[in-house]
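K.L.:
need coordinates for the following:
(chains A, B and C)
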Amino acid sequence: MNRRGKKLFYLVVLLLCLLLAALPWLGFSYGIVWIFLLAVYFTLALSYDIVGGYMGYMNLGHSTFFGLGAYTTAILLNQGFNLVFALLAALLLTAVFAAVVSYPLFRLRGAYFALATFGLISLVEVLTTNFRDLTGGSGGISTPPGNHMVPSYYLVLAVAAGTMVLSHFVARSKFGLALFSIREDEEVAAAFGVPTTLYKSLALIISSAPASLVGGIYVWNMTYISPNSVFGLEIALSPIIMAMLGGTGIMIGPLVGAVFITLVQEFLWTKVPYFHLAMYGTVLVLIGLFMPGGLVRTRFIKPFIQWLGLGEAVDYFKNADAERIP
Amino acid sequence: MSADFIQLLVGGILLGGIYGLAAFGLSITFGVLNVLNLAHGEFLMLGSLVSYGIFMGLGLNPFIAAVLVIPVFMLLGIGFYLALLKPIMDKPPHQLLVASILVTLGASLFIEDVTAFFWERPVTGISYSLPPMELAGVVISSTRLLILLFIFALACGMQLYLKKTYVGKSIRAIVQGREGAKVVGIPISRISALAFSIGMALAASAGAFYVTLFTVTPVMGIPLTIKYLCVVVLGGLGSIVGSVFGGLILGVAETLTAYYCGAEWSPTIAFILLILILIIKPEGLFGAKK
Amino acid sequence: MSPFLECREISKTFGGIEALTHVNLTVEPGSITGVIGPNGAGKTTLFNIVSGALRPTAGDVIFKGKKISGMGPARVCRLGIARTYQLVRPFNSLSTMENVLIGLGFGRTETLKKDKRVAEAIKILQFVGLGDKINHVAEGLTLVEKKHLEIARALATAPEILLLDEVVSGLNPTEVSQTIQTIQQIRKSGITVIMIEHILKVVMALCERVVVLNYGVQIAEGTPQEVVTNEAVIEAYIGKFDDTEGGPDA
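P.N.:
This is a model prediction of the structure:
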């Protein structure tokens, strides 16, 4: 049952991937937009979790990278540069930004860090709004029109998949182990030689990459963004809620969270037009009180995931290599 | 010094006093509970709205409102603590951090959204004024002066409370060392609840004054909490008095920036100050270096 | 020929409190030195300074001729001084294997390749008696296992000096004997040990030299016999020497 069950499950996963790849040809234009957004949020959630979950520093300002990536790409596209160049430039600029802000921000710990990074979003939003010659101000910025839905769909799926690979390899690497140790006890980690200051900055920079990329792809597809749409509360909090609801510190957590929340949003949002933020808030409170470890660590779901062979992904403290040695 | 500048300064100090008062509350909460309450700004906002309501409904002036909100919000504070914080207080540090951020942020959003639903119009400042005073040739609104004095009195009262009463001393004991306080027999849970409620009440009280000067909107809570963070870090983590000074600095800085650079830049100053202090003196102005 | 490890006139002030005053200590390679004293005497502070976690207010720590008192803990660790903690601080959510891998991967000047690291980690865990718990989460271990994990983690950094901070406190008599044996094995492998300890039996059994601190001041130094009969030491300790074994920890 175990073997066959696993094979069956992975077969289903493969089919889903094929379905995703073929979707544009099947005529579900709404479904494509839906999955596009899901992939964006998922990538943000997963990249957030590298710093928030693996390293234990809750970077509530993660969407700053998204917004920066979006605006940089938009401005460059308007200057006539092609998409690849614009995305790469956005990637670079955001990485530099991450490196620069990591210097003061990582002097804070815990909730102070979380709050300060949250404030970073507003700061960047205000700056974006004020430099209206460059960014179009509060009215937003438009990029050259065109229907890029299908290519950006594939692009964003590629980035999402790439982020999963990134997250997986970070978690299994020596670097990732160091991040875990920083989360567990930063002082002791430093005492045992972990270069904490450097690694914290590196982690932030690495986490900024997928975020800025999807930001760029987002604006290329939407052809219009405003400070509120990319620096607002929704884009700031949704990915983090997904990561926390699904399970922070584990690669599969944000995936579960993203799917769960997007489904719930889909059915609930349209039925109840008010109190969206309040609902988010309630979810946060409930997670905090009853399952800060997320869905994947609850009694019901955890065994299922272990049975799937993704136990490593859930019990992130298990080292698979050791088991193979007699 | 031009009269304008002095007016600005006074305005800045006043705003700073309000910030300092609220940050004072936040400092106490953090010192005792080791939890940063992200919903702190919401309490100021609620205090403002309640004070406004009292003014409009009962015609009572803001000074009385500021005093009235204290017991009300202390009760609310205890309720908040029991429902949301007590259940997570015993978790190990990292989990406590995650849980507390989730819980307080969630509460923040909830309060904000529900308030926005019922209170659509931004609440404009209460226009309650006394005849202006003239001091050394400069006209100062005596309302502002009174508010400053009131805040000052409140802060001094708090300091006395912390120094002289049993609860106050217990609070300071816990801030200095939780384990030691337990050993000495201090009822941590009860004092924590009280400390939290005091913090909340101070924020609400600050809010009662805030509404006399500024417009209050339901969404101002989170940006305010971020400002308090800047104030607390500026003043020095662990220094309760420091946050008052941090508040004053921020208040003056914001007012001056708004005047000289334009109002759209003043939200940024809090954060810039935060970054600066983190680079120059990370432990804050009054904080202790390791 | 400069001494192996030397603490020269170490003083440390916290706010108004003088935690350490003019402490001098010399350690020979391959020895086991004990640091004893009543609670609050400054012993852990001394360890913090030697390991680089704290900077002395005055004085220097000199290791193999190099002044290490200004370097951070990471550098000191790589230079060859590793430590355990009085209140155990393993990386709780990580497995014992991963705890040791941190030491192996970051605490040495020359790190091994990944597969060698894992093999070495297993060796070290077997050495401290945790060979059958390599995938256990650190948090779920018993106290004595956690203490041994800390030792393993420290050993993983290939130290020349091992600082053990009350490594047997809270253990029952069997566990204490176990640990004593482990420490003797460690010394046999050439590592110098400095240990803070309360339990007299352990100090007498293991240490060649003992330093006594009281209120941050060094009040005696010598062999365990000399120190135990020293008047100043007895006075400092009246009623405080714990030569009964500590009970199991909660």
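K.L.:
check what pLDDT the closest residue to A:H148 other than its chain neighbours gets.
P.N.:
Nearest residue to A:H148 in three dimensions, chain neighbours excluded: A:N221, at 5.1 Å (Cβ to Cβ, 6 or more residues apart in numbering or on different chains). C-beta: built from backbone N, CA, C; applies to glycine. With respect to pLDDT, A:N221 scores 92.
K.L.:
after the host helix or strand of A:N221, which helix or strand is next?
P.N.:
In this structure, A:N221 sits in helix A:196-222 according to DSSP states H and E. Where DSSP H and E defines the elements, the next helix or strand beyond helix A:196-222 is strand A:224-225.
K.L.:
can you list the strands that that following strand pairs with?
P.N.:
Strand partners for strand A:224-225, identified by DSSP bridges, are recorded as strand A:141-142 (antiparallel).
K.L.:
tell me if the first helix or strand past the partner strand going along the chain is near chain C.
P.N.:
Remark: after strand A:141-142, the chain's next helix or strand is helix A:149-172, criterion DSSP H and E. No: Helix A:149-172 does not reach chain C (Cβ under 8 Å from any Cβ of the partner chain); its nearest approach is 10.2 Å.
K.L.:
how about the following helix or strand past helix A:149-172, does it reach chain C?
P.N.:
Proceeding C-terminally, helix A:149-172 gives way to helix A:174-191 as the next helix or strand, assigned by DSSP H and E. Yes: Helix A:174-191 lies within reach of chain C by Cβ under 8 Å from any Cβ, at A:174, A:177-178, A:180-181, A:183-185, A:187-191.
K.L.:
and helix A:174-191, what does it pack against?
P.N.:
helix A:149-172, helix A:196-222, helix C:73-79, helix C:96-106 (3 or more Cβ pairs under 8 Å, 6 or more residues apart in numbering or on different chains; DSSP states H and E).
K.L.:
next, the buried residues of the longest one.
P.N.:
Same thing as helix A:196-222. Buried residues in helix A:196-222, counted by 16 or more other Cβ atoms under 10 Å in any protein chain shown: A:196, A:199-222.
K.L.:
in the residues of helix A:174-191 next to chain C, which residue is surrounded by the most others?
P.N.:
A:S181 (29 neighbours; other Cβ atoms under 10 Å in any protein chain shown).
K.L.:
what sits against that one?
P.N.:
A:V188, A:A189, A:F192, A:V194, C:F91, C:L94, C:I102 (Cβ atoms under 8 Å, 6 or more residues apart in numbering or on different chains).
K.L.:
need the helices and strands packed on helix A:174-191 in JSON lines (columns: distance to B:Y166).
P.N.:
Listed next are those as JSON lines, based on distance: least, Cβ to Cβ, whole Å:
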{"stretch": "helix A:149-172", "distance to B:Y166": "50"}
{"stretch": "helix A:196-222", "distance to B:Y166": "41"}
{"stretch": "helix C:73-79", "distance to B:Y166": "41"}
{"stretch": "helix C:96-106", "distance to B:Y166": "44"}
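K.L.:
if I look at B:L46, how far off is B:S100?
P.N.:
Going from B:L46 to B:S100 by Cβ to Cβ, to the nearest Å gives 20 Å.
K.L.:
same question but for C:G190, I mixed them up
P.N.:
Using Cβ to Cβ, we find C:G190 at a distance of 47 Å from B:S100.
K.L.:
name the residue in those two with the higher neighbour count.
P.N.:
B:S100 (26 against 9).
K.L.:
in which helix or strand would I find C:I219?
P.N.:
Counting by DSSP H and E, the element that carries C:I219 is strand C:217-222.
K.L.:
whoops, C:V193 was the one
P.N.:
Element membership of C:V193, judged by DSSP H and E, is strand C:192-196.
K.L.:
looking at the residues of helix A:174-191 next to chain C, which two lie furthest apart in space?
P.N.:
Within the residues of helix A:174-191 next to chain C, two members stand farthest from each other by Cβ to Cβ: A:K174 and A:E187, at 19.9 Å.
K.L.:
any idea how many residues pack against the residue lying closest to A:S226 once chain neighbours are set aside?
P.N.:
Once flanking residues are discounted, A:S226 sits nearest to A:G140: 3.2 Å by Cβ to Cβ, 6+ apart. If you count neighbours by other Cβ under 10 Å, A:G140 ends up with 18.
K.L.:
in this structure A:G140 contacts A:T223, no?
P.N.:
No: at 10.6 Å, A:G140 and A:T223 do not qualify as touching, with contact defined as Cβ atoms under 8 Å.
K.L.:
from chain A, how far out is the nearest residue to B:V184 once chain neighbours are set aside?
P.N.:
Spatial nearest neighbour of B:V184, excluding adjacent residues (Cβ to Cβ, 6+ apart): B:A173 at 6.9 Å. Computed with Cβ to the nearest Cβ, to the nearest Å, the distance linking B:A173 and chain A is 22 Å.
K.L.:
what ranges do the helices span in chain C?
P.N.:
Assigned helices in chain C, in chain order: C:43-50, C:73-79, C:96-106, C:114-127, C:143-155, C:173-188, C:200-206, C:224-228, C:231-237 (criterion: DSSP state H).
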